[in-house]
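>>> Show me the folded form of this:
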Amino acid sequence: MAKKKVNPLDFDALLKDINAEFPTVQVLDEKGKIVNEDLMPDLTDEELVQLMTDMVWSRVLDQRSTALNRQGRLGFFAPTAGQEASQLASQFAMDKEDVLLPGYRDVPQLIKHGLPLTQAFLWSRGHAAGNEYKQDLKALPPQIIIGAQYVQAAGVALGLKKRGKANVAYTYTGDGGSSQGDFYEGINFAGAYKANAVFFIQNNGYAISTPREKQTAATTLAQKGIAAGIPSIQVDGMDPLAVYQVTKAARDWAVAGNGPVLIETLTFRYGPHTLSGDDPTRYRTKDIEDEWHGKDPLTRFRIYLTEKGLWSEEKEEAIIEQTKEEIKEAIKAADATPKQKVSDFLKNMFEVTPKTTQEQIDIYEAKESK
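Residues are numbered from 1 along each chain as shown. Alright, predicted model coming up:
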């Protein structure tokens with residue numbers, strides 16, 4: 001029987017075809033049960049425990065950073081609670097020689113990639129020492145300009161390809177970032193040159209206070225990759241096993257010379273957009289928050305590992321206390337770092353200091369020495 005021809009002018013049918021291509025990948029459901037054995041990642045028991053450890057560490061870091069901010073001991077901070085699977089499970093699939101280009105909410109990945117916690121705190125305070133990375137740290141400081149890291153990642157990814165490196169550049173933005181011009185420019189450039197990149201859209205539902213459904217008519221954010229001709233996929237961003245498996249497959253694809261991949265993770269930030277004045281209770285209902293708390297990535301992974309005999313309340317408590325001590329020592333070291341002076345800012349402005357700037361440096365150094 002001949003296949004029925006689709007009317008090429010039936011725009012509604014064309015749109016439905018596109019939207020149907022992006023089912024959400026899930027391995028571990030909200031009850032901690034494996035629902036897709038075929039996609040179960042090949043992780044050892046030790047690796048599964050380490051991934052959970054990283055996620056618990058991140059949740060504690062979020063809680064303590066919030067408290068430190070409220071005490072006036074930390075500067076800019078973008079909460080991460082709820083996004084542990086999206087952030088740490090994707091990071092877990094990467095190599096130390098891969099290059100991370102984070103956004104301002106991606107500090108946990110940056111620390112796990114090798115940035116000392118003290119430097120992360122200094123960056124939050126706006127201290128120049130927070131940006132002085134060791135040469136072996138394959139990363140750039142967190143990008144504040146929404147979406148700009150996508151353009152940077154495309155360039156770094158092309159550089160890796162031209163140098164014959166079996167590594168990727170990877171970067172993250174939020175659902176709001178996918179509405180920026182830099183987002184499309186980055187994926188388009190990387191796609192055109194088949195550069196070694198993995199792009200993440202962490203769809204946490206709100207671009208500050210703007211709901212995701214009000215910023216684009218696209219049914220999924222993953223499908224935006226179609227325009228750039230790159231493979232794109234949507235994954236349950238509260239499921240660490242699915243996030244890891246999708247990321248690993250995307251990385252393997254990119255380092256094999258096939259070009260970039262775009263991954264949309266469906267996740268949720270429990271806290272405000274940042275601690276700089278945002279109040280999520282003004283634009284999110286309690287029902288929405290309760291729904292997402294029921295999908296908590298730590299809860300489902302905890303159930304799964306406990307049933308496998310790999311996790312316990314005692315183990316988690318020990319990790320929490322260890323993390324608190326790590327944070328205590330890091331903030332103490334940040335407090336001991338010499339404070340910046342006006343003359344320091346002027347010295348950092350140029351590689352070769354102009355005469356007029358040097359005159360200003362001399363003036364301020366004289367004032368600062370008194």
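>>> quick one, helices of this structure?
In the chain, helices defined by DSSP state H lie at 11-19, 45-70, 84, 90-92, 107-113, 117-124, 148-162, 181-192, 240-253, 286-293, 297-307, 313-336, 342-347, 355-368, listed in chain order.
>>> just for the protein, where's the confidence low?
Residue ranges of the chain with pLDDT under 70: 1-6.
>>> In contact with the spatially most central residue of it, which residues are there?
For the chain, the residue sitting closest to the mean C-alpha position, by CA atoms, centre = their mean, is residue 106 at 4.1 Å. By CB atoms under 8 Å, 6 or more residues apart in numbering, the residues touching residue 106 are 87, 100, 142, 172. All C-beta spots, glycine's among them, are computed from the backbone N, C-alpha and C.
>>> From the residues you listed, pick the one nearest residue 297.
Checking the contacts of residue 106 against residue 297 by CB to CB gives residue 87 as the nearest, at 9.7 Å.
>>> ok, that closest one to residue 42 distance?
Relative to residue 42, residue 87 is positioned 21 Å away (CB to CB, to the nearest Å).
>>> Just want to know which of the two has more residues nearby.
Comparing residue 87 with residue 42 by other CB atoms under 10 Å, the one with more neighbours is residue 87, at 31 against 7.
>>> just checking, that one touches residue 58?
Yes. The pair residue 87 / residue 58 is scored as a contact, 6.8 Å apart, by CB atoms under 8 Å.
>>> Now the common contact residues for those two.
Residues touching both residue 87 and residue 58 by CB under 8 Å, 6+ apart: 80, 108.
>>> can you tell me how far residue 18 sits from residue 122?
Distance from residue 18 to residue 122, by CB to CB: 45 Å.
>>> In terms of neighbours, single out the busier of those two.
residue 122 (22 against 13).
>>> ok, the more buried one to residue 333 distance?
9 Å.
>>> What of residue 205?
In this view, residue 205 and residue 333 are 36 Å apart by CB to CB.
>>> more neighbours, the two?
Using other CB under 10 Å as the criterion, residue 205 and residue 333 rank with residue 205 on top: 18 against 15.
>>> so the more buried one makes contact with residue 268?
Yes. Using CB under 8 Å, residue 205 is in contact with residue 268, at 5.8 Å.
>>> Need the overlap of contacts for these two.
Listed as contacting both residue 205 and residue 268 by CB under 8 Å, 6+ apart are residue 292.
>>> how long is stretch 333-353 from one end to the other?
With CA to CA, to the nearest Å applied, stretch 333-353 spans 31 Å between its terminal residues.
>>> which residues are contacting it?
By CB under 8 Å, 6+ apart, stretch 333-353 touches 73, 118, 121-122, 125, 127-129, 357, 360-361, 364-365, 368.
>>> which two from these end up farthest apart in space?
73 and 357 (32.2 Å).
>>> residues of stretch 149-161 that come out buried?
Neighbour-count burial for stretch 149-161 flags 149-158, 160-161 (criterion: 16 or more other CB atoms under 10 Å).
>>> gap between stretch 318-329 and the chain center?
22 Å (CA atoms, centre = their mean, to the nearest Å).
>>> and if you look at stretch 335-349?
The chain centre lies 29 Å from the centre of stretch 335-349; the measure is CA atoms, centre = their mean.
>>> Any buried residues in it, and which?
Buried-residue list, stretch 335-349, by 16+ other CB under 10 Å: 343-344, 346-347.
>>> ok, now stretch 203-216?
For stretch 203-216, by 16+ other CB under 10 Å, it's 203-207, 212, 216.
>>> Quick one: end-to-end distance for it.
End to end - CA to CA - stretch 203-216 spans 12 Å.
>>> Compute the distance between residue 243 and residue 13, please.
33 Å.
>>> Ok, residue 353 next?
The gap separating residue 353 from residue 13 is 65 Å, by CB to CB.
>>> Looking at those two, which has the bigger crowd around it?
Using other CB under 10 Å, the more surrounded residue of residue 353 and residue 13 is residue 353, with 15 against 11.
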